[in-house]
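**Student:** Quick one: sequence plus predicted model below, questions after.
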Amino acid sequence: MSEAVTRPATTGPGLLASLDPLLREWLPRQRWFAGKGRPVTGFSLVAATELLPWNAKLGLLHLLVRAHQPLLPAQGALAHPGDCYQLLIGVRETLPPRLAPALIGHPEQGPLAGRTVYEALHDPRPADVLLEALRTRAHIGELRFERDPRQELREDLVPRLVTAEQSNSSIVYGDTFILKLLRRVVPGINPDLELPLALAREDCPGVPAPAGWMLTDLAGDTYVLGVLQHFVRGATDGWDLALRGLAKGEDFSGEARALGRATAAVHTALARALPTVTLGRGQMETLVDGMTGRLDAAVQAVPALRPYVPGLRSAFEALAELAAEGETWTAQRIHGDLHLGQCLRAPSGRWSLIDFEGEPSKPLTERRLPQPTARDVAGMLRSFDYAAHSLPQALGSAGGTPTPVTPDWADTCRAAYCTGYAEVSGRDPRSDPVLLRAYETDKAIYEVVYEARHRPDWLPVPLNAVRRLADTAAS
Ligand SMILES: Nc1ncnc2c1ncn2[C@@H]1O[C@H](COP(=O)(O)OP(=O)(O)O)[C@@H](O)[C@H]1O
Ligand SMILES: O=P(O)(O)O[C@H]1O[C@H](CO)[C@@H](O[C@H]2O[C@H](CO)[C@@H](O)[C@H](O)[C@H]2O)[C@H](O)[C@H]1O
């Protein structure tokens, strides 16, 4: 595959050769590396931009690098060029001790030989360079730094790297803005910029507005590389808050209801801002086929699902039957990956929704399709169930069968969430139980696969839900 490659004249073609052996070792260890479990056999340079000259005392390289990984036999013969990652590489003679955790290594060949390269986001000076570029709306090489012209970005905001586990990397500037740098980048408009921008135009207060963004154009495609958003100061995420409340036996239904209201406000604004469509029989057949196909694939990956297949499948069949009888559904842009961890509660009590990227493993075109809002609602309902059944895992004990601390906790929260949602949208999600159950089932199946791959200790949590959902569907 031919790619547009932008290389700074000063570094020349040997740049990647300099980094290759180090990246092979370093990249797969990063939390955000999407290709875990398959060896990296090489790299190709998609773009390179010098943000600070590499041969200065402190150099800063912005790289887009494609990691080549052979497909597993189960992934079939489809050609896959490998994922493209955004890297910010700092270059110094030696690394000060405070930056030791950021070390990538010491190149032995090429233009960087003899120097030290490291993950630049740990270093305040490179982080300042990014904010300054956004502030001045700089165009550097193929990189475009843009800013909402109404938005002042002060120069003196002190940067710090977010150390929480996340799929991308974020820098907080002076507790005022947060810059998310997308790690696995794909061509096209990323909903993590598109939807918050659309919501800001609607004056929707439930989503922090983008203040700036970073783009690049390569081979005729635009790539979103980063989004600078207003930072919600002193916020706690819904997952932490729910677990804290559960551990103390506190009622969470007030917060659940407020979350339902916040979700409905965002959905309503999205429906105003972007097109909605009606899903008839044909579209619903495609949607149900997708759900059934994911179930089939999940059973292959996690055979423990097999006994529940008939019950799970009947949840999808019930939806197909309604569509065959002529029922239609409205679809619109939604969050696409909503759970308690994507909700931030400010000290004022106001909830915000973040991370509109959708499920990163899905193609961008699919993530940008209008979908029934029930999908987001189902994600939240699953999340209340997760919280109620996850205390042993979340508190780090040794697995086993989770026991709900308060058996009614999840039911009460789920009901309160739907009540809050109905108060703002005028539509109670429970009034369409077939659609909701199909989406909850689809999500629980996804979670089984996710946990089997990433957190085997947590697998009993979605498996218990699968058992309950299969029973409900069958009864
Ligand atoms: N606007 C914001 N205000 C305050 N904290 C935020 C904001 N956006 C993100 N965060 C924090 O950063 C973390 C990672 O953000 P998220 O968008 O979920 O990134 P990722 O896609 O990498 O998982 C969140 O869990 C939250 O703690
Ligand atoms: O963080 P991401 O948006 O990438 O989502 C993935 O990881 C989530 C776990 O961090 C996972 O969510 C599942 O566990 C949550 C508790 O840790 C729970 O609140 C969610 O309801 C449950 O789905 C998510 O599925 C996965 O895509």
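**Tutor:** Thanks, I have it. Ligands and ions are numbered 1, 2, ... in the order given.

**Student:** quick one, phi/psi of Y223?
**Tutor:** As for Y223, its main-chain torsions (degrees, to the nearest 10) stand at phi -120, psi 130.

**Student:** That one and ligand 2, how far apart?
**Tutor:** Taking C-beta to the nearest ligand atom, to the nearest Å as the measure, Y223 falls 20 Å from ligand 2. In short, each C-beta sits where N, CA and C put it, glycine included.

**Student:** For that residue, which residues count as its bridge partners?
**Tutor:** Note on Y223: beta-bridge partners by DSSP bridges are P187, T216.

**Student:** confidence score at it?
**Tutor:** In this model, Y223 is scored at 97, pLDDT.

**Student:** Just list the residues touching the residue of the stretch 301-450 of the chain found nearest ligand 1, thanks.
**Tutor:** Ligand 1 sits closest to D355 of the stretch 301-450 of the chain, with a gap of 3.5 Å, by C-beta to the nearest ligand atom. D355 makes contact with D192, D337, Q342, according to C-beta atoms under 8 Å, 6 or more residues apart in numbering.

**Student:** Please repeat the previous calculation with a cut-off of 6 Å.
**Tutor:** Contacts here follow C-beta atoms under 6 Å, 6 or more residues apart in numbering; on that basis D355 touches Q342.

**Student:** For it, what are phi and psi?
**Tutor:** With angles defined as degrees, to the nearest 10, D355 sits at phi 60, psi 70.

**Student:** from now on call the first residue 737
**Tutor:** In the new numbering, first residue 737, that becomes D1091.

**Student:** Okay, domains of the protein per the record?
**Tutor:** Following the TED database, the chain resolves into domains at 779-801+819-966, 972-1208.

**Student:** end-to-end on the longest one?
**Tutor:** End-to-end distance of domain 972-1208 (C-alpha to C-alpha, to the nearest Å): 34 Å.

**Student:** From the chain's centroid, how far away is that domain?
**Tutor:** 15 Å (C-alpha atoms, centre = their mean, to the nearest Å).

**Student:** Kindly report the same for stretch 865-875.
**Tutor:** Taking C-alpha atoms, centre = their mean, one finds stretch 865-875 lying 25 Å from the centre of the chain it belongs to.

**Student:** Restrict it to CA atoms and write it as CSV.
**Tutor:** Output in CSV follows, covering the C-alpha atoms of stretch 865-875 (Å, rounded to 0.1, in the frame of the first residue of the first chain):
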residue,chain,number,x,y,z
VAL,A,865,4.6,23.0,22.7
LEU,A,866,1.2,21.3,21.9
LEU,A,867,-0.8,23.9,23.8
GLU,A,868,1.1,26.7,22.2
ALA,A,869,0.5,25.3,18.8
LEU,A,870,-3.3,25.1,19.6
ARG,A,871,-3.2,28.6,21.0
THR,A,872,-1.6,30.1,17.9
ARG,A,873,-3.5,27.8,15.5
ALA,A,874,-0.2,26.7,14.1
HIS,A,875,0.2,24.6,10.9
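
**Student:** Buried residues, it. List them.
**Tutor:** Within stretch 865-875, the residues that qualify as buried are V865, L866, L867, A869, L870, R871, A874, counting by 16 or more other C-beta atoms under 10 Å.

**Student:** Pretty sure the fourth one sits against F881.
**Tutor:** Yes. The pair A869 and F881 qualifies as a contact (C-beta atoms under 6 Å) at a distance of 4.0 Å.

**Student:** Now do the contacts for P1198.
**Tutor:** Each residue near P1198 by C-beta under 6 Å, 6+ apart is listed here: A1180, E1183, V1184, E1187.

**Student:** Which one of those is nearest to S1084?
**Tutor:** E1183 (31.7 Å; C-beta to C-beta).

**Student:** From Y1157, how far off is that closest one?
**Tutor:** 21 Å (C-beta to C-beta, to the nearest Å).

**Student:** Looking at the two, which has the bigger crowd around it?
**Tutor:** More crowded of E1183 and Y1157, by other C-beta atoms under 10 Å: Y1157, with 27 against 24.

**Student:** Now do the SS call for the more buried one.
**Tutor:** helix (DSSP: H, G, I helix; E, B strand; the rest coil).

**Student:** What sits closest to it if chain neighbours are left out?
**Tutor:** G996 (3.8 Å; C-beta to C-beta, 6 or more residues apart in numbering).

**Student:** Would you double-check that the one you found falls in a helix?
**Tutor:** Yes. The assignment for G996 is a helix, going by three-state DSSP.

**Student:** Show the contacting residues for it.
**Tutor:** Counted by C-beta under 6 Å, 6+ apart, G996 has contacts Y1153, G1156, Y1157.

**Student:** Name the residues that touch whatever helix or strand the first one lives in?
**Tutor:** Assigned by DSSP states H and E, Y1153 belongs to helix 1145-1161. By C-beta under 6 Å, 6+ apart, the residues outside helix 1145-1161 that reach it are 988-989, 992-993, 995-997, 999-1001, 1004, 1116-1117, 1120-1121, 1124, 1164-1166.
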